[in-house]
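> Pasted the sequence and its predicted model underneath.
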Amino acid sequence: MLSRILKRLRKLVAPRRVAREIEDEMRLHIQMEAEDLVAQGVAPDEAQRRAKMAFGGVDRYTEEARDAWPLRFAQRLGADLRFAVRSLMHAPSFTIAAVMALAIGMGANATIFSAIDSVAFRPLAVRDPDQLVALYGSQGEANLLVFSYPSYKDIERGATAFSGLVAFTDGPVGVSADIAGDRPVAMWAYHTSENYFSMLGVEPALGKFFGAGDLYAPVVVLSDALWNSRFGRDRSVIGRTLRINGNPFTIIGVAPAQFTGTRLFTYDPALWIPVGMHAQTIPSSAGMLEQRAATRFHLIGRLRDGVGIARAQASVDGQAQKLAAAFPDQYRELRISAMSNRTPINPWLAPPERINLIGKISLAGSLLVLLIACANVSSLLVARTTTRRQEMAVRLSLGASRGRLLQQMLTESFVLAALGALAAFPVHLLALSGMRALSPELEYASTWRPTAEPRLLMFGVLLTCGAALLFGLGPALQAAGRSFVSGLREAGGRTAAVWTRFREALVVGQAMVSVLVLVTAGLFARSLQHARTMDVGFPLDGAVALAMHPELTPSYDAARTRDFYRTLNERIAALPGVTSSARAGVIPLDGTTWARRVYIDGGSTDVRTAPVADLNIIAPGFLATLGTPIVEGREFIEADTAAANEVVIVNETLARRLWPDQSAIGKIVRVESPTGRKAEIIGVARNATYRTLGERPRSAMWMSLDRNPRSRTTTLVRTNGSEAGLIAAIGGAVRAIDPALPVVGLRTLRQHLAVSYVSVETGAVGAAGFGVLALLLAASGVFGLTAYTVSQRRREIGIRVALGARRASVMKLVAGRALILTLSGALSGALIASFVPMGFDAMLFGVAQFDITALTAGTALFGVIGVIAALVAARRAVRLDPAHVLRLD
Amino acid sequence: MAEPIEVLQGTLDLLILKTLALGPLHGWGISKRVRQMSNDVFQVHQGSMYPALYRLEDKGWIDSEWGESADGRRTKVYSLTASGRKAFAAERANWRTFAATVELVLAAD
């Protein structure tokens, strides 16, 4: 048994020696036979001849003898691989076209998969993520409402469908080491209910998590990223002290790397803190756990085993009714909706089901791209097989079995697929870095990371193998088919006609899609051009935004923060080139929004009809600095701070909505509820854009920052000089006041608003990427079809050339049909593309319904590439040697 | 001398096993002995025996060893293994049943 294994191994590791031994043995056999014949009286020469005759073909029997071992398979594979690489190198244009098509197909798949997976499919790294549902309230016009802590407790008590319900709120904290004078760094933190980790079912990577009874414990859990960046993965961090807003917290655990919070497209939490500690960590949050109006908690519940989302919904409906009955002022008409939180979610962007659906559609689209790529490669392979039939015939007649040929052909397909996968890698990396470059620079680490990961790798390998089978099997079977020559003849007849029609339809389709995508890319490019220059209601150039949050630093209380900002304002106003400056809670379009319901004092108290307006808190002179004109009344002045009544500015949309026929100035409104704070309208501002580019006019209102002090604000500074110089000067001014105070953000207004331009830029770059992809793919399709035509009609071409046809007429013969198909596809694509602006209404800014520039540019670009691809492939026909071709048949 | 006939597929293995059951032998020797024992009735390329030899060796029914022949040449000598001996007995029984059955059918009127 052992010797058998050893023998097999030897055959595997020393195949040449084994082959030589077989040959030696056979040669000796012939020699012995000849000697035997000589002994019987045959002449030596004749004996040699007869011995050889009697033996048969040495080569054939050597081959068969070697094949007699199962392990020969691996050996043959090596030879096949070498052969495949050699023969691919001999046909560079074929190889390049095929590898290009595959690289695009697989690269697009990998990229789209990684981008989509992290958003739509990758479940939270918790126990049974399928059981998690998020709860959000809605009321009249307002939806996606978060809850206060007392309401959370009420819902938790009554919601029987859940085995657990957690609450969390996220925001920045100032973190410093337990060393006097260490400069705090702003970090994103989750403040959570004590059952957060136990309900989610996350296991600590190090130490332990806080749990029942720890609500008021000064403890903190670190994220893996923070443990890595700040502590270098030192395992002795457990038990050490970290200062959060100046207060000591003990590090008790580190979360696993895969667990990065429960929300999508927001910041990654660096820390988790029990929410009972909020008074020490969240500035001016006194009473946050007791006040029913302090609505800042996201709720996530875990369904009991066997409970579906429908029963959970019924259960929370009951809770909503109870809350509405108990607190009619705040919760009249409240509804609570339960949505799956299996993956990180951000319902403000889109409901999770829709994100999932978009993900699936994108994946299906990219698989379609791969299928088309495979079909193109299959055309190329068939074309190549046909031209290689002489080689195949020779190998068959030399005694190679059909199985051997099949194996050889499939090996070649796998080599092609592997080359395609290799080439797909740079395509994928390029696309990924493009996507990352598009993500705006944010103040904290973001949760969206399209990165390569093991699952993605598996996906790629599966795709490669699938693709190899898909595009290789058909041609391989045909080549190694039962009767090779007659099989070809047959393929030249009816079957081939069906295949040809299929390939032609494919090329028409690809040309159509390609032009469609190219024109769309053009439209997005034009849209980007428009968006960059579009009027958002205030000028974007010549301004710098400075974001600060002094109270994250322990020594800053409300009074010191106020003094700091006053000094800062004076210093900035004195800087050279500054024309004006003012602070605000948010800058329009910077991605932050607050909204409040507005009621007319003494008017309707119906929550369903009360308008919801975007609220901003601003210092005197902010609207002037921003560049939004006041159309009626005035802006805030210093005197408003001390005045008896609260004052408010509204925009034209809100003013017209509340008082369609009269001036809003002097009217009194109530904020948030019919019994809420009273405020007198003192000004009406021109409409501007607040949340997203190209939005419909929204209601907006402004209240006084001085009356509603706030630590985290952004100072907007206008200059008539250089923005870069101003940024440096402002940085210097902040350091001069307090060198230990961290700057949250300091950049030009355009950079500050980058987040709003991302969708347009992503659209433009994404469409351009898909355009190039579709273009290359269609080019490989046209190339493949033409090459296929040449291979199918080489006999006819040979005869024509032999009869004296000119080059031009031969070119016309083979490339003509491909060109007609390509151009008809392109024209129908252009026709469909002229309707594109209607479909992308929400994402295209300032683009006419029919944009002739994008349309002609896209079609023309495709036309040029298509013609080049067809001509390059057709050149092969012209170079055919008629004598050679005709001899083959 | 009878007319040469084609060797039935698979019977070559049986002939090789029978030859080696009489004692170890090199390739040409096996070929010669088969011809002698069959009175040269089987028409077969001598080379076709080698794939069969390698197949049998891979099955573990025969073993091979390089050694020196009487006249000092390096030859590969084949011998039957224990499992080869058992397999030969089984194959021979199979063959006899098969041949007898065919004969029975042919003898029927």
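Arrived safely.
> most centrally placed residue in chain A?
residue A:115 (2.4 Å; CA atoms, centre = their mean).
> pretty sure it is touching residue A:436, no?
No. Counting by CB atoms under 8 Å, residue A:115 does not reach residue A:436; the two are 10.5 Å apart. Placement of C-beta: from N, CA and C, glycine included.
> biggest helix in chain B, by residue count?
Longest helix of chain B, by residue count under DSSP state H: helix B:82-107.
> Show me what counts as buried in that helix.
For helix B:82-107, a neighbour-count test (16 or more other CB atoms under 10 Å in any protein chain shown) marks B:84, B:87-88, B:91 as buried.
> which helices and strands sit right next to that helix?
With contacts defined as 3 or more CB pairs under 8 Å, 6 or more residues apart in numbering or on different chains; DSSP states H and E, the packing partners of helix B:82-107 are helix B:11-21.
> how about the helix it packs on, does it reach chain A?
No. Helix B:11-21 stays clear of chain A (CB under 8 Å from any CB of the partner chain), getting no nearer than 11.7 Å.
> Beyond that helix, next helix or strand please.
strand B:25-26 (DSSP states H and E).
> Other residues contacting that next one?
Contacts with strand B:25-26, where a contact means CB atoms under 8 Å, 6 or more residues apart in numbering or on different chains, come from B:19, B:33, B:69, B:75-79.
> where exactly do the helices run in the stretch 401-550 of chain A?
Counting by DSSP state H, counting those that start in this stretch, the stretch 401-550 of chain A has helices at residues A:402-438, A:454-479, A:484-491, A:494-533.
> where's the residue nearest to the centre of chain A, which helix or strand?
Assigned by DSSP H and E, residue A:115 belongs to helix A:92-116.
> tilt between that helix and helix A:402-438?
Put simply, helix A:92-116 runs at 50 degrees to helix A:402-438, going by axes from the mean of the first three to the mean of the last three CA atoms, to 10 degrees.
> what's the angle between the longest helix of chain B and helix B:11-21?
130 degrees.
> now helix B:82-107: mean pLDDT?
On average, the pLDDT along helix B:82-107 is 88.
> same thing with stretch A:157-177?
The average of the pLDDT scores along stretch A:157-177 is 90.
> and if you look at stretch A:241-260?
Averaged across stretch A:241-260, pLDDT comes to 92.
> and that stretch, how far from the chain's centre?
30 Å (CA atoms, centre = their mean, to the nearest Å).
> Also stretch A:590-600?
30 Å.
> Please apply the same query to stretch B:13-28.
5 Å.
> what is the rounded mean pLDDT of that stretch?
Averaged across stretch B:13-28, the pLDDT comes to 88.
> for that stretch, which positions count as buried?
Of all the residues in stretch B:13-28, those buried under the rule 16+ other CB under 10 Å are B:13-20, B:24-28.
> could the buried residues of helix B:82-107 go into JSON lines alongside distance to residue A:347?
JSON lines is the format used below for those (distance: CB to CB, whole Å):
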{"residue": "B:84", "distance to residue A:347": "75"}
{"residue": "B:87", "distance to residue A:347": "73"}
{"residue": "B:88", "distance to residue A:347": "78"}
{"residue": "B:91", "distance to residue A:347": "75"}
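> Which residue is most remote from the mean position of chain A?
For chain A, the residue at maximal distance from the C-alpha centroid (CA atoms, centre = their mean) is residue A:41, at 85.9 Å.
> Remind me which helix or strand the residue of the stretch 651-800 of chain A found nearest chain B belongs to.
Residue of the stretch 651-800 of chain A nearest chain B, by CB to the nearest CB: residue A:791 (36.8 Å). Using DSSP H and E, the element containing residue A:791 is helix A:754-792.
> That helix: which residues count as buried?
Buried-residue list, helix A:754-792, by 16+ other CB under 10 Å: A:754-757, A:759-771, A:773-792.
> Could you check how far stretch A:80-100 is from the centre of its chain?
Centre-to-centre, stretch A:80-100 and its host chain are 33 Å apart (CA atoms, centre = their mean).
> any idea how far residue A:422 is from residue A:100?
12 Å (CB to CB, to the nearest Å).
> neighbour count winner among the two?
Neighbour comparison, residue A:100 and residue A:422: the larger count goes to residue A:100, with 21 against 14 (by other CB atoms under 10 Å in any protein chain shown).
> Check what pLDDT that one gets.
Residue A:100 is given a pLDDT of 83.
> In contact with residue A:581, which residues?
A:569, A:572-573, A:621, A:625, A:715-718.
> Just the ones of these in helices?
Short answer: the contacts of residue A:581 in helices (DSSP H) are A:569, A:572-573, A:625.
> OK, now which residue of the stretch 151-300 of chain A is nearest to chain B?
residue A:258 (49.7 Å).
> Am I right that that residue is in a strand?
No. Per DSSP: H, G, I helix; E, B strand; the rest coil, residue A:258 lies outside any strand segment and is coil.
> Give me the phi and psi angles of it.
Main-chain dihedrals, residue A:258, degrees, to the nearest 10: phi -70, psi -20.
> Let me know how buried it is, in neighbour terms.
There are 13 residues near residue A:258, going by other CB under 10 Å.
> Please report how far the residue lying closest to it once chain neighbours are set aside lies from residue A:344.
Leaving aside its sequence neighbours, residue A:258 sits nearest to residue A:125 (CB to CB, 6 or more residues apart in numbering or on different chains; 3.6 Å). Separation of residue A:125 from residue A:344 (CB to CB) stands at 10 Å.
> Between those two, which has more neighbouring residues?
residue A:344 (23 against 16).
> Residue B:25 and chain A: what is the separation?
Between residue B:25 and chain A the distance is 12 Å, computed by CB to the nearest CB, to the nearest Å.
> what is that residue paired to in the beta sheet?
Beta-bridge partners for residue B:25, by DSSP bridges, are residue B:78.
> give the contact list for residue A:867.
By CB under 8 Å, 6+ apart, the residues touching residue A:867 are A:819, A:822.
> all helices of the stretch 601-750 of chain A, in order?
Using DSSP H, counting those that start in this stretch, the helices of the stretch 601-750 of chain A run over A:622-626, A:639-642, A:652-658, A:723-737, A:749-752.
> coming back round to it: now list the buried members of the contacts of strand B:25-26.
B:19, B:33, B:75-78.
> Cool, thanks, talk later.
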